[in-house]
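**Q** Could you work out the structure for the sequence below:
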Amino acid sequence: MYKIVLLFLCTLFMLFEPDAAQAAEASLPTTEAESSLYPKVPRPNYKRYRGNSRTKKKKFGYFRRRAARRKAMRKRRATPAPRKGVISVDEPKGTMPKNN
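**A** Got it, this is the predicted structure:
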């Protein structure tokens, strides 16, 4: 509603002062010589485009979590756990003769 009223007021003011509206349009550069005064400068790009990596991954749903858990359990059962705290050492191999 407010946009319609604002648009209506703008057109109403343009009807009252058409010379001012036309003067604003006339001030824009129209020829090449006038447009060369304001050369186009590329916008600086400070951040490199990183694709769609800024989106946060959504948490898995119930069924996907269950499937991932089952897969992890199967993988854990397939590979035996390493023995912790046990150090196995081979017998020393020396060249000196044994004393009897």
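**Q** before we move on, which element is Leu7 in?
**A** Element membership of Leu7 [criterion: DSSP states H and E] is helix 2-16.
**Q** Ala68 now?
**A** According to DSSP H and E, Ala68 maps onto helix 62-78.
**Q** in that helix, what counts as buried?
**A** By neighbour count, and taking 16 or more other CB atoms under 10 Å as the criterion, helix 62-78 has no buried residues at all. Just so you know, the C-beta spots here come from the backbone N, C-alpha and C atoms, and that holds for glycine as well.
**Q** and that helix, C-alpha only, in CSV?
**A** Taking C-alpha atoms only, helix 62-78 is exported to CSV below (Å, rounded to 0.1, in the frame of the first residue of the first chain):
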residue,chain,number,x,y,z
TYR,A,62,17.6,-40.4,11.7
PHE,A,63,17.9,-43.1,9.1
ARG,A,64,21.2,-41.7,7.6
ARG,A,65,22.7,-41.6,11.1
ARG,A,66,21.6,-45.2,11.8
ALA,A,67,23.1,-46.4,8.4
ALA,A,68,26.4,-44.5,9.1
ARG,A,69,26.6,-46.1,12.6
ARG,A,70,26.0,-49.6,11.3
LYS,A,71,28.6,-49.1,8.6
ALA,A,72,31.1,-47.9,11.3
MET,A,73,30.4,-50.8,13.5
ARG,A,74,30.9,-53.3,10.6
LYS,A,75,34.2,-51.6,9.8
ARG,A,76,35.3,-51.8,13.4
ARG,A,77,34.5,-55.5,13.6
ALA,A,78,36.3,-56.3,10.3
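**Q** Average pLDDT for that helix, rounded please.
**A** The average of the pLDDT scores along helix 62-78 is 94.
**Q** For it, which outside residues touch it?
**A** Helix 62-78 is touched from outside by Phe60, with contacts defined as CB atoms under 8 Å, 6 or more residues apart in numbering.
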